[in-house]
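**Q** Here is the input, now give the coordinates:
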Amino acid sequence: MKIVLEHGDRDTRDAVERLALTSPFEVVIAPNAGPRTKPKALAAALPFARGSYVAVYDAEDEPEPRQLREALAAFKADPELACVQAKLTIDNANDGWLSRQFAAEYAGLFEVLLPALAKFGLPLPLGGTSNHFRTDILRKVGGWDPFNVTEDADLGFRLARFGYRTGTIDSLTWEEAPVGHWQWLHQRTRWFKGWLQTWLVHMRRPILLWRELGWSGFVALQLLAAGSVMAALLHPLFLGIMLWQLLVGDLLAPGNAADAEIRSWLSITVLLGGYAGSICLGWVGLRRRGLVHLGRSLPLIPIYWLLLSVAAARAIHQLVRAPHEWEKTPHGLGRSSLRKTKPNANSGGWAARDFNALVAARHRRRR
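**A** Sure thing, here's the model as predicted:
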C-alpha cells in the first residue's frame, strides 16, 4: 500500500512517521516540482506499483472492509473490465442543510447516474476515490494528468476513448462533506474547473473524439463536462428573467407577444424541469440507500443551485488566472455520523482518523 505525500507537507509527513508503519505500507514522496495536485502525486507513485491492480483512496476515506475483494471479483468475472468505481456516500449528512444536499447529490450520482452510464456502456466520469484499475491498462492509457484538477473525470473519458469499459460495484465508501460554505465553495470550484479542463482537452480534436467515443459517448461528454458548468452559469439568468417577469406582471400575462410568451415558457420549463430532475435523482438515490429522511432538504435545491452558480463563475475566473491551483478541502471537522458503529480497523479507518485529526488541528490554527 502506497501512501503518497507532498514533499513540503512536513506536518503530514511527521504524522505518518509517528505511525511507524511497516510492510505492506510504503511512503512515496511526490517530487517537489510542477503543480501540487493529487494527480501529480498519483502519477509519481504509479511506477512503484507492483500488483496487477491499483486502487485509489483518499486519506479520509472509510471503505467497507470487503471492498477490495468485491472489486477483484468484478475483474475476475469480466476480463474486459478496465476499472470499477465503488459508491461514495456522505457520513456527516446531519451537519446541516448543505451536507444533506451533498449527501443527496452523492446518492443520486453513485446510486443512479453512474450505474446507468455503466449499464449502457457510456463513459464513466470517475469519483476521485475508491476507483480500482487494472495496472497494465492504467499505464497504457497514460495514468493521471498532473495538470487536471478533476483527474478522475478525465481518466474515465480517456479509458472510454481507448475502448475500455468501466463498471460499478455495490460497495460503500464513507466520506465527509465540507462543513462550511467556504470549504464547499473551494471544493466545488475545483470540480467545475476540472470539468472545463477535461472538456477542453478532449475537444481539441472533436472529429477524432466522435470516432473514438461514438455519438452517444460524444454527447455524454458534452452533457456531463460542459453541460454541468453551463447549467450552473445559466441558472441565474433564467431565474432572473422569470422573477423579473413575475415582478412586472408579464409572466404568462394575457396578450403577450409570441416572443415574450416563448421566453416565459422557456424560463419556467428550464427552471422547474431542472429542479424537478435534481430532486427526483436525489430522492431515488436516497431511497436506495435507505436515507429518505435526508430528503427534507431537497426543496432547497434552488438555493443550492445559486451556490453552484457562484462556484461555476469562480471556476471560470480560476481557469484563466490559476488553472492548476488545487484548493484543498479540510477534513476531520464533521459533527455527526450516519454510521452506528465505529469504523472497522481493517477498513482503512486508521488513515482517516490520524489524518483527519491532523487536518482539523491545522484548520483550527488557521482560523
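**Q** host element of the residue positioned nearest the centre of the chain?
**A** Nearest to the geometric centre of the chain sits G127, at 4.7 Å (CA atoms, centre = their mean). G127 is part of no helix or strand, with elements assigned from DSSP states H and E.
**Q** separation between it and L172?
**A** To L172, G127 is 12 Å away according to CB to CB, to the nearest Å. Any C-beta I mention is one placed from the backbone N, CA and C, and that applies to glycine too.
**Q** shared neighbours of these two, anything?
**A** L88 (CB atoms under 8 Å, 6 or more residues apart in numbering).
**Q** so where do the helices sit in the stretch 101-250 of the chain?
**A** For the stretch 101-250 of the chain, helices defined by DSSP state H, counting those that start in this stretch occupy the ranges 114-119, 135-140, 151-161, 181-202, 206-221, 227-248.
**Q** Now do the last one: distance to the chain's middle.
**A** So that's helix 227-248. Remark: helix 227-248 is offset 25 Å from the chain centroid, using CA atoms, centre = their mean, to the nearest Å.
**Q** and the helix or strand following that helix, how far out from the chain's middle?
**A** Remark: after helix 227-248, the chain's next helix or strand is helix 258-288, criterion DSSP H and E. Centroid displacement of helix 258-288 relative to its chain, using CA atoms, centre = their mean, is 23 Å.
**Q** again, but for stretch 203-223
**A** Computed by CA atoms, centre = their mean, the chain-centroid distance of stretch 203-223 equals 21 Å.
**Q** Extract the CA atoms of that stretch and return them as PDB.
**A** Provided in PDB are the C-alpha atoms of stretch 203-223 (Å, rounded to 0.1, in the frame of the first residue of the first chain):
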ATOM      1  CA  MET A 203     -12.500  18.600 -27.600                       C
ATOM      2  CA  ARG A 204      -9.200  19.600 -29.100                       C
ATOM      3  CA  ARG A 205      -9.900  17.100 -31.900                       C
ATOM      4  CA  PRO A 206     -13.700  16.700 -31.900                       C
ATOM      5  CA  ILE A 207     -13.900  14.600 -35.000                       C
ATOM      6  CA  LEU A 208     -11.400  12.100 -33.600                       C
ATOM      7  CA  LEU A 209     -13.300  12.200 -30.300                       C
ATOM      8  CA  TRP A 210     -16.500  11.300 -32.100                       C
ATOM      9  CA  ARG A 211     -14.900   8.400 -33.800                       C
ATOM     10  CA  GLU A 212     -13.400   7.000 -30.600                       C
ATOM     11  CA  LEU A 213     -16.400   7.500 -28.300                       C
ATOM     12  CA  GLY A 214     -19.200   7.200 -30.900                       C
ATOM     13  CA  TRP A 215     -22.100   9.600 -30.900                       C
ATOM     14  CA  SER A 216     -23.500   8.500 -27.600                       C
ATOM     15  CA  GLY A 217     -20.200   8.900 -25.800                       C
ATOM     16  CA  PHE A 218     -19.600  12.200 -27.500                       C
ATOM     17  CA  VAL A 219     -22.900  13.500 -26.300                       C
ATOM     18  CA  ALA A 220     -22.300  12.200 -22.800                       C
ATOM     19  CA  LEU A 221     -19.100  14.200 -22.600                       C
ATOM     20  CA  GLN A 222     -20.900  17.400 -23.700                       C
ATOM     21  CA  LEU A 223     -23.700  16.900 -21.200                       C
END
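**Q** tell me which residues of it are tucked away?
**A** L209, E212, L213, G217, F218, A220, L221 (16 or more other CB atoms under 10 Å).
**Q** quick one: low-confidence parts of this protein?
**A** 252-257, 260, 340-367 (pLDDT under 70).
**Q** Now do the end-to-end distance for stretch 210-230.
**A** Separation of the first and last residues of stretch 210-230 by CA to CA, to the nearest Å is 21 Å.
**Q** So which residues make contact with it?
**A** 117, 120, 122-123, 125, 153, 157, 160-163, 192, 195-196, 198-199, 202-203, 206, 209, 312, 315.
**Q** could you redo the last one with a cut-off of 6 Å?
**A** Here stretch 210-230 makes contact (CB atoms under 6 Å, 6 or more residues apart in numbering) with L122, P123, P125, A160, R161, F192, W195, L196, T198, W199, A312.
**Q** what's the answer for stretch 293-305, then?
**A** With CB under 6 Å, 6+ apart, stretch 293-305 has contacts from A93, W97, R100, Q101, A103, H235, Y275, S278, I279, G282, W283, L286.
**Q** Check these for burial and list the buried ones.
**A** Buried residues within the contacts of stretch 293-305, defined by neighbour count using 16+ other CB under 10 Å: A93, R100, Q101, A103, H235, Y275, S278, I279, G282, W283, L286.
**Q** Which of the helices or strands spans the second one?
**A** Assigned by DSSP H and E, R100 belongs to helix 97-108.
**Q** Would you pull up how far that helix lies from the middle of the chain?
**A** That offset, for helix 97-108, works out to 12 Å (CA atoms, centre = their mean).
**Q** If you compare the directions of that helix and helix 181-202, what angle comes out?
**A** Going by axes from the mean of the first three to the mean of the last three CA atoms, to 10 degrees, helix 97-108 is angled at 30 degrees with respect to helix 181-202.
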